[in-house]
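Enquirer: Sequence first, predicted coordinates after that:
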Amino acid sequence: MKTTLFIVALALLSVVSDAQTDPIADSLAVKDTTRLPMADSTGIPIGQKVELHTPGYNIYGDLLDDDPVYNRRYPVWVPATRVVFTNVVNWAVVRYLFKYDWARISPATWKKNLKGPWVWDNDRFSINFLGHPHTGNYYFNTARSNGYNFWQSFPFAVGGSLVWELFGEKDPPSKNDIINTPVSGVFLGEVLYRISSTILDDRTRGGNRVFRELLAGIINPPRAFNRLTQGKMFRVVSKEVYQKEPLNITMSAGVHKVNTNNQFGTGATNAIFNLQFDYGDPFEIRRRKPFDVFRFRFESRYGDEKKLIDNVMGYGILWGKNIIKGKHGILSGIFQHYDYWNNRIFEIGTLGFGPGLISRINIGRSSNLYSSIHLALVPLAGNSTRFGPDTSDFRAYNFGGGFEGRLEETLHLTKWVSLGFNAYYYWIRTYDGLPGTSIIGILKPRVIFKLFKNTSVGMEHHIYYNDRLVKTTTDLHLVRTEQKLFLQVYLEDQKRRGRYN
C-alpha cells in the first residue's frame with residue numbers, strides 16, 4: 001500500500017510540474033480553425049527560393065534546431081523527477097507483476113550497494129546490449145523532450161542508471177550497466193528523438209494530427225508523455241517548431257539462407273525484414289550538432305532459429321566538417337557507434353567512438369560512388385564464448401574492449417544497377433571472462449537491380465569469421481556463409497536533391 005501511494009504521489013508531482021502552460025508559446029498558438037496552406041515542413045510555398053545561408057535554416061528551408069520559444073527548457077527538477085518516476089514504475093512492474101527476486105529491495109540492500117563493490121553482471125546478452133540501451137533511451141528522452149539538448153540530456157541518462165543500480169535491485173551494482181545504459185541509451189535516444197521530430201507537426205489538425213501523435217508516441221513514449229502533460233499534444237501553431245532534416249527510409253523483405261557446411265544455396269530458409277534510416281544530408285556545408293547525420297539499421301529474421309533480432313547497428317556524427325571539391329562531397333568527423341549482431345557462430349555488442357569519412361564521387365552523368373569509412377575505439381563490448389548465441393540464463397560471453405572498423409561502399413551504375421560491399425571488423429580483448437582475444441570479420445557483397453520507380457530486387461552474400469584466441473584453451477576458427485534474396489523499397493525524402501547513398 002505504501003509503495004502504491006508513493007508511485008501515485010510521484011506521478012502527481014510529475015504532472016503538476018507541467019500544469020502551468022508556457023505563456024509565450026500559448027500566446028503564439030493558432031486559435032482559429034483556418035487551415036494554413038503548407039508546401040513543406042517550414043510552410044514555404046512550392047517554387048519559392050530559399051536563401052541557402054539564411055541563419056537558423058538548412059538548405060531545404062528547415063530549422064537547424066528546435067524553436068526555443070515553443071520548446072522551452074523546464075527546470076532541472078522536472079526531468080529529474082520523471083527519471084526517478086520511470087525507475088519506480090519499472091521496479092514496481094518487475095517486483096509485483098513478474099515477482100523477480102532481485103527486485104526485493106530494502107534499506108539494507110541500498111546500504112550494501114552503496115558500499116560496493118561494483119561487479120560485471122551475469123544478465124543475458126540481449127538484456128545487457130539491447131534492453132539496457134532501451135532503458136537508457138527513456139532516461140535521455142525524458143530530459144530531451146523537456147527542452148534539453150543532446151549534451152545536457154546525457155547526465156540524466158547517467159543519473160537514471162546510477163539510481164537504478166544502487167536502489168532498484170538488491171544485486172550488486174554493475175560496471176557494464178553504468179557504462180552501456182547511458183552511453184548506448186543516448187545513441188538510441190537521439191535517433192528516436194530525431195525520427196519522432198520528423199513525424200510531429202504542431203500545425204496539423206484532425207486525423208492527420210492524431211496519426212502523427214500516435215506514431216511518434218509509439219517510437220518515443222517518454223516524449224509522448226511529456227507532450228501530453230505539457231499541452232503540446234493538443235496545441236496548434238502557425239509555423240514549424242522542430243528541427244527536421246532529410247530522412248530516407250529503405251525497407252526490404254525476402255528470404256535468408258543459412259548455409260550447411262558453407263555450401264552456397266544450401267541450408268534452412270528464414271524470412272527476413274530490414275529497415276534502414278538515413279538522416280540528414282552529409283554533403284550540405286554547415287556546422288554540425290550531434291546526430292545531424294546518422295544511419296540506423298534494424299534487421300530481423302524468423303525461421304529455424306526463431307530469433308527476431310539479427311542485427312541492430314548504426315552511427316551518428318558528434319562533430320564534423322564538410323569538404324567539397326567540384327560536384328563531389330566529403331564529410332569528415334567524429335562518430336558514435338552502436339553495433340549488435342546475433343547469429344549461430346557469435347553474438348557481439350559494442351559501443352564505440354572514432355573518426356569517420358563519408359564521401360560521394362560522381363562518375364559521369366548518372367553514376368556515383370558512395371563511401372563510408374570508420375575506425376572506432378570500443379571501451380565496452382560483449383562477445384560470446386561458445387558456438388552459437390547465448391540462450392541460457394547464465395552468462396556465456398566475455399566483457400571486453402578494443403576497436404572496430406567499418407567500410408560501406410555503394411556504386412550506382414546509372415539508375416538501374418547498384419553494386420555494394422560492406423565490411424565490418426572487431427578486435428576485442430577480454431576484461432572479464434575467458435582471457436584472450438576475439439576477432440570478428442563480416443563481409444557483405446551485394447547487387448541490386450531497379451524494377452520500377454523506387455522498387456528494386458537484390459541479392460546479398462554474407463561471410464562471417466570468428467577467431468577466438470583463448471589463453472586457456474585451443475584457438476577456435478569459425479566461418480559461416482549466408483545468402484539473402486530480397487525486394488527493396490526506397491522511400492526518398494521529397495526534399496532530397498537526389499540519392500546520396
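Expert: Yep, that arrived. These numbers come from a predicted model, not from an experiment.
Enquirer: give me the low-pLDDT residue ranges for the stretch 201-350 of the chain?
Expert: Along the stretch 201-350 of the chain, the model assigns pLDDT under 70 to residues 305-306, 326.
Enquirer: show me where it has strands.
Expert: Along the stretch 201-350 of the chain, the segments classed as strands by DSSP state E, counting those that start in this stretch run 247-258, 268-279, 294-302, 309-325, 328-342, 347-363.
Enquirer: Could you do the stretch 351-500 of the chain as well?
Expert: Going by DSSP E, counting those that start in this stretch, the stretch 351-500 of the chain shows strands at 367-384, 397-413, 417-432, 436-452, 455-470, 476-491.
Enquirer: Relative to Asn220, which of those strands is closest?
Expert: With CB to CB, the closest approach to Asn220 among those belongs to strand 476-491: 20.0 Å. (C-beta placed from N, C-alpha, C; glycine too.)
Enquirer: quick one, what contacts the closest residue to Asn122 other than its chain neighbours?
Expert: Among residues not flanking Asn122 along the chain, Arg395 sits closest, at 4.2 Å (CB to CB, 6 or more residues apart in numbering). Taking CB atoms under 8 Å, 6 or more residues apart in numbering, we find Arg395 in contact with 121-125, 433.
Enquirer: what's the spacing between Arg395 and Gly168?
Expert: 20 Å (CB to CB, to the nearest Å).
Enquirer: What's opposite Gly466 in the beta bridge?
Expert: If you look again at residue 466, you'll see it is Asn, not Gly. Taking DSSP bridges as the rule, Asn466 bridges to Ile440, Leu478.
Enquirer: Over to Phe335?
Expert: Going by DSSP bridges, Phe335 forms beta bridges with Ile317, Gly354.
Enquirer: residues near it, how many?
Expert: Applying other CB atoms under 10 Å, we find 29 residues neighbouring Phe335.
Enquirer: mind checking how far it is from Gly354?
Expert: Look at Phe335 and Gly354: by CB to CB, they are 7 Å apart.
Enquirer: Kindly report the same for Gly217.
Expert: Gly217 is 34 Å from Gly354, by CB to CB.
Enquirer: Also Gly420?
Expert: Gly420 sits 23 Å away from Gly354, going by CB to CB.
Enquirer: can you check His337 too?
Expert: 7 Å.
Enquirer: Give the residues shared as contacts by the two.
Expert: Residues within reach of His337 and of Gly354 at once, by CB under 8 Å, 6+ apart, are 374, 376.
Enquirer: average pLDDT across the longest helix along the chain?
Expert: For the chain, the longest helix by residue count, based on DSSP state H, is helix 175-199. For helix 175-199, the mean pLDDT works out to 98.
Enquirer: Also stretch 398-409?
Expert: 98.
Enquirer: Centre-most residue in this structure?
Expert: Nearest residue to the geometric centre of the chain (CA atoms, centre = their mean): Leu188, 3.3 Å.
Enquirer: Spit out the contact partners of that one.
Expert: 133-134, 136-137, 338.
Enquirer: Which of the residues you listed fall within strands?
Expert: Among the contacts of Leu188, the members found in strands (DSSP state E) are Tyr338.
Enquirer: Mark which of the contacts of Leu188 are buried, thanks.
Expert: Burial by neighbour count, judged by 16 or more other CB atoms under 10 Å, picks out 133, 136-137, 338 from those.
Enquirer: Tell me if I'm right that Ser367 and Leu413 touch.
Expert: Yes. With contact defined as CB atoms under 8 Å, Ser367 and Leu413 form a contacting pair (5.4 Å).
Enquirer: Quick one, grab the pLDDT at His477.
Expert: pLDDT at His477 comes out at 89.
Enquirer: Surely it and Val470 touch.
Expert: No. Taking CB under 8 Å as the definition, His477 is not a contact partner of Val470, at 11.9 Å.
Enquirer: Of these two, give the one with the bigger neighbour count.
Expert: Legend: neighbour count by other CB under 10 Å for His477 and Val470, higher for Val470 (17 against 10).
Enquirer: what's near enough to touch the closest residue to that one other than its chain neighbours?
Expert: Excluding the flanking residues, the one nearest Val470 by CB to CB, 6+ apart is Gly436, at 3.9 Å. Residues in contact with Gly436, defined by CB under 8 Å, 6+ apart, are 429-430, 468-472.
Enquirer: likewise Arg446?
Expert: 419-422, 458-461.
Enquirer: same thing but at 6 Å, please
Expert: Taking CB atoms under 6 Å, 6 or more residues apart in numbering, we find Arg446 in contact with 420, 458, 460.
Enquirer: ditto for Phe156
Expert: When contacts are counted by CB under 6 Å, 6+ apart, Phe156 touches 79, 83, 139, 143.
Enquirer: Any buried residues in stretch 123-141, and which?
Expert: 123-126, 128-133, 135-141.
Enquirer: I would like the residues contacting it, please.
Expert: With CB under 6 Å, 6+ apart, stretch 123-141 has contacts from 83, 86, 153, 156-157, 160, 177, 180-182, 184-186, 188-189, 193, 220, 222-223, 340, 347, 349, 382, 390, 397.
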